[in-house]
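A.B. asks: build the 3D model from these lines:
(2 chains)
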Amino acid sequence: MTVKDAGCIPMPPENAFEAVSNSRRRQAILSLDRSDGPISAGDLAVEIAAIELGIDPSHVTGEQRTRVYISLTQSHLDKLDDVGAVEYDDRSKQIAATDATGPLAEYVRKITTDCYEPTEGDR
Amino acid sequence: MIRGLLDQVAGDDAEQELSVALDAADVFEAIRNNRRREVILRLAAIEANESTDQPTTTIAALAEHIAAVEGDAETVDRDHRRAVYIGLHQSHLGKLDDLGIVSYDPRGTDVVAAADVTALSELITAVEEACDGGEQL
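C.D. replies: Have a look, this model is predicted:
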């Protein structure tokens, strides 16, 4: 697969770049792309907190989870839903994939692979 | 660990792998804004046209170019160009400099590529080409 063979993203470029500009939004897209069905905002918050803290999900405290949960439910999930990157139900707090989720996830993985953190010597 | 997993997943089917010596989060932040994307694309075009390793332009030339890209008229509107110039000067070029993508001294006029702008422009173009239609928010 080359870059061009990755799926079509059904949205204007401006919205796609905005959707993936934030690390929590990128993680939401990647997690949803990996899951078999809808996921809950609560489970996603635990997963993201664990990744950010570099710990096992079972060790995430209530406070750590809540911090991520609030940013997801008050900002990021609405934004992703607005552009059609995911489908987010504000009442049930369930997040489902759309046609755009898979292709966006492909580009996030692609760009993440192409970049590597420079060591001191590289700069 | 996650990073390694991602690399593995994407590496399996990525024939054409680019290599950009930048943190991925910095790249996503850099290409979030349309004018910053235009700066990168412009420097990549200069690199291709002039076969130089260190594509260089000026903030005034960038403002002229971006105002032309953004406008519909054949001639560039002076106020528009001025607004673009100010946005580049006060925000975008400083940010791209902080992220290690360009080198820009706010007391000077030159804008010089500080990273692989050609590889970055390929990433931008790939996403742009994959996107189709719909209404912009």
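A.B. asks: quick one: contacts for the most centrally placed residue in chain B?
C.D. replies: Residue closest to the average C-alpha location in chain B (C-alpha atoms, centre = their mean): B:Ile40, at 2.4 Å. Listed by C-beta atoms under 8 Å, 6 or more residues apart in numbering or on different chains, the contact partners of B:Ile40 are B:30-31, B:96, B:101, B:117, B:120-121, B:124. Heads up, the C-betas are built off the backbone N, CA and C, glycines and all.
A.B. asks: derive a PyMOL selection command for the buried subset of these.
C.D. replies: Buried subset of the contacts of B:Ile40, written as a PyMOL selection, criterion 16 or more other C-beta atoms under 10 Å in any protein chain shown:
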select buried, chain B and resi 30+31+96+101+117+120+121+124
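A.B. asks: related to what we said a few turns ago, can you show me the CA trace of the helix or strand harbouring the residue nearest to the centre of chain B as PDB?
C.D. replies: For B:Ile40, the element it lies in under DSSP states H and E is helix B:34-50. C-alpha atoms of helix B:34-50 as PDB (Å, rounded to 0.1, in the frame of the first residue of the first chain):
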ATOM      1  CA  ASN B  34      -3.700  26.300   6.100                       C
ATOM      2  CA  ARG B  35      -1.200  29.100   5.900                       C
ATOM      3  CA  ARG B  36       1.500  27.000   7.600                       C
ATOM      4  CA  ARG B  37       0.800  24.300   5.100                       C
ATOM      5  CA  GLU B  38       1.200  26.800   2.300                       C
ATOM      6  CA  VAL B  39       4.600  27.900   3.700                       C
ATOM      7  CA  ILE B  40       5.800  24.300   3.600                       C
ATOM      8  CA  LEU B  41       4.400  23.600   0.100                       C
ATOM      9  CA  ARG B  42       6.000  26.800  -1.200                       C
ATOM     10  CA  LEU B  43       9.400  26.000   0.200                       C
ATOM     11  CA  ALA B  44       9.100  22.500  -1.200                       C
ATOM     12  CA  ALA B  45       8.300  24.000  -4.600                       C
ATOM     13  CA  ILE B  46      11.300  26.200  -4.400                       C
ATOM     14  CA  GLU B  47      13.500  23.200  -3.500                       C
ATOM     15  CA  ALA B  48      12.300  21.400  -6.500                       C
ATOM     16  CA  ASN B  49      12.600  24.300  -8.900                       C
ATOM     17  CA  GLU B  50      16.000  25.600  -7.800                       C
END
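A.B. asks: just checking: what are the partner strands of the helix or strand that comes right after that helix?
C.D. replies: For helix B:34-50, the following helix or strand on the C-terminal side (DSSP H and E) is strand B:56-58. Here strand B:56-58 is paired, per DSSP bridges, with strand B:110-113 (antiparallel).
A.B. asks: using CSV, list the CA coordinates for the strand it pairs with.
C.D. replies: Output in CSV follows, covering the C-alpha atoms of strand B:110-113 (Å, rounded to 0.1, in the frame of the first residue of the first chain):
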residue,chain,number,x,y,z
ASP,B,110,14.4,35.5,5.1
VAL,B,111,12.5,32.2,5.6
VAL,B,112,14.8,29.2,5.2
ALA,B,113,13.7,25.5,5.3
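A.B. asks: could you point out which element follows it?
C.D. replies: helix B:117-130.
A.B. asks: give me the contact list for that following helix.
C.D. replies: So helix B:117-130 is contacted by A:3-4, A:6-9, A:13, A:16-17, A:103, A:107, A:110-111, A:114, B:18-20, B:27, B:30-31, B:37, B:40-41, B:43-45, B:47-48, B:55, B:101 (C-beta under 8 Å, 6+ apart).
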